[in-house]
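>>> Kindly generate the corresponding structure for this input.
(one chain, ligands or ions: 1)
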Amino acid sequence: MTDKTALPPFLAACRRQPTPHMPIWVMRQAGRYLPEYRDVRSKVGFAELTRTPELAAEVTLQPIRRFAFDASIIFSDIMVPLEGMGIDLDYAPGPVIAEPIRTLKQVEAIRPLVPERDVPFVMEAIKLTRAGLPAHVPLIGFAGSPFTLFAYLVAGKPSKEFSVPRSFVHAQPEVTARLLERLADAMIVYLRAQAAAGAQALMLFESWGGLLGPHDFRNVALPPVKRIFEGLKDLDVPLIYFANNCGTMLDIISELPVHVVGLDWRVPLSGARKLLPGKAIQGNLDPAVLFAPKAALEKRIDEILADAGPAPGHIFNLGHGIWPEVDPDAVKRLVDYVHERTSK
Ligand code: CP3
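Numbers count the residues shown, from 1 in each chain. All right, here's what the predicted structure looks like:
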């Protein structure tokens, strides 16, 4: 019999408590690798999907019906609150900004976010999704980190090197700082509104912080992130920081007041455990490994489990978002195998 008073495994692992099996979910678990998502998308555009609570809740629940995931993440995008702040943007499929930010005047013209007024559909989608989820599957709310949002806002479109925002940091330090501060303040109210609507954990995606070296990461990207997590500290929900490509900066990241650090596949988990005392870790199978035959996939999962060690406080995940080309059967093998290997 399961203990009805126990925390769901995902929330327990965030707090480094023992769990009956290791929890697992995958970044971008609702998305184009699922035929049922492609069906919905054949009828509505991506932006409309994020603005229609019934549809956003439906695609959030799709992977939960198919796989034994231990957490759900609300279907939206890191750029959605920026649309609410008056930024004209489109998805192609990555975000494209009509007028990339280059001046202080543009920064000052960005409206402060009032979530209930500007993006009510996100909170509505959270409520509908929570009502449709089983009790043992917590719902994660999320936002983009200020530097990651800054990278898109200044570059104007997805880019490999992000040379425009990277040079902008040095050419326009005051405008950069002001924009990051505005974004931080908006993400605090945005994440608080998601928690009030029913999100049981909050995750910040630092997808592009790894573009910076340790000096600039500490001085430019980190202060607004600290400001956000300080602004959420009083909430009784686990805070997760996905530190993509930041493996050389974990000593800096260890200073953040978060419960969990998400890691990409370039980071050995045993080393990360040492550099992140008191924090849980989340990750970090290379999404490419989902294309391996069954035995090789299982071997890589075993290696990750062995490297992270048996201490509580490990949530299994991919090291970055799942690719659209992945066979859903490989995801089922991954989830079931992690549960089988870690069941007590
Ligand atoms: O299931 C989930 O994880 C929730 C949904 C989710 C999306 N975007 C849906 C989406 C989440 C958590 C995000 C976050 C996001 N968006 C990040 C951080 C995570 C990361 O990958 O590093 C970033 C950098 C973005 C910006 C963004 N939005 C990009 C780069 C793209 C194109 C990506 C692609 O896969 O082609 C988007 C659009 C987007 N966001 C899609 C989805 C499912 C594809 C849109 C479509 O259906 O056409």
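>>> Bridged to the residue nearest the centre of the chain, which residues?
Nearest residue to the geometric centre of the chain (CA atoms, centre = their mean): Phe205, 4.5 Å. Counting by DSSP bridges, Phe205 is bridged to Gly144, Phe242.
>>> Would you confirm that it contacts Ser76?
No. Using CB atoms under 8 Å as the test, Phe205 is too far from Ser76 to be in contact (11.3 Å). Using the backbone N, CA and C atoms, a C-beta is placed for each residue, glycine as well.
>>> Can I take it that Glu83 is in a strand?
No. Assessed with DSSP: H, G, I helix; E, B strand; the rest coil, Glu83 is helix; it does not lie in a strand.
>>> ok, it to the ligand distance?
12 Å (CB to the nearest ligand atom, to the nearest Å).
>>> what about that residue, neighbour count?
Residues near Glu83, counting by other CB atoms under 10 Å, number 18.
>>> For it, give me its contacts.
Ala47, Leu89, Val119 (CB atoms under 8 Å, 6 or more residues apart in numbering).
>>> between these, which is closest to Asp327?
Proximity to Asp327 was ranked across the contacts of Glu83 by CB to CB; first place goes to Ala47, at 28.0 Å.
>>> Now the closest one. Nearest residue, chain neighbours left out?
Tyr91 (6.1 Å; CB to CB, 6 or more residues apart in numbering).
>>> Same question for Gly84.
Counting by CB to CB, 6+ apart, the residue nearest Gly84 is Asp118, at 3.2 Å.
>>> if I pick the one you found, what's in contact with it?
Pro81, Gly84, Met85, Arg111.
>>> Quick one: those residues as a markdown table, columns for neighbour count and pLDDT too.
Output for these, formatted as a markdown table (neighbours: other CB atoms under 10 Å; pLDDT from 0 to 100):
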| residue | neighbour count | pLDDT |
| --- | --- | --- |
| Pro81 | 25 | 98 |
| Gly84 | 20 | 95 |
| Met85 | 18 | 97 |
| Arg111 | 13 | 97 |
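>>> What is the nearest of those to the ligand?
Pro81 (11.7 Å; CB to the nearest ligand atom).
>>> Verify the contact between that closest one and Ala143 for me.
Yes. Pro81 is within contact range of Ala143, at 6.8 Å (criterion: CB under 8 Å).
>>> Now for these two: what residues contact both?
Joint contacts of Pro81 and Ala143 (CB under 8 Å, 6+ apart) are Met187, Tyr190.
>>> For the closest residue to the ligand within the chain, the count of nearby residues, please.
Minimum separation of the chain from the ligand (CB to the nearest ligand atom) falls at Ser207, amounting to 3.2 Å. Ser207: 22 surrounding residues under other CB under 10 Å.
>>> Kindly report the same for the one 10 residues further on.
Neighbour count for Phe217, taken as other CB under 10 Å: 22.
>>> Just give the closest residue to it, not the sequence neighbours.
Nearest non-adjacent residue to Phe217 (CB to CB, 6+ apart): Met249, at 5.3 Å.
>>> so how far is Ala196 from that neighbour?
Distance, Met249 to Ala196, using CB to CB, to the nearest Å: 32 Å.
>>> So between those two, which is more surrounded?
Neighbour count, other CB under 10 Å: between Met249 and Ala196, Met249 has more, with 21 against 14.
>>> The more buried one: what's it in contact with?
Contacts of Met249 (CB under 8 Å, 6+ apart): Gly209, Gly210, Pro214, Phe217, Arg218, Ala243.
>>> What subset of those is buried?
Among the contacts of Met249, those classed as buried by 16 or more other CB atoms under 10 Å are Gly209, Gly210, Phe217, Arg218, Ala243.
>>> what's the neighbour count on the closest residue to the first one other than its chain neighbours?
Pointing back at Gly209 there. Excluding its sequence neighbours, the residue lying closest to Gly209 (CB to CB, 6+ apart) is Ala221, at 4.7 Å. Residues within reach of Ala221, counting by other CB under 10 Å, total 26.
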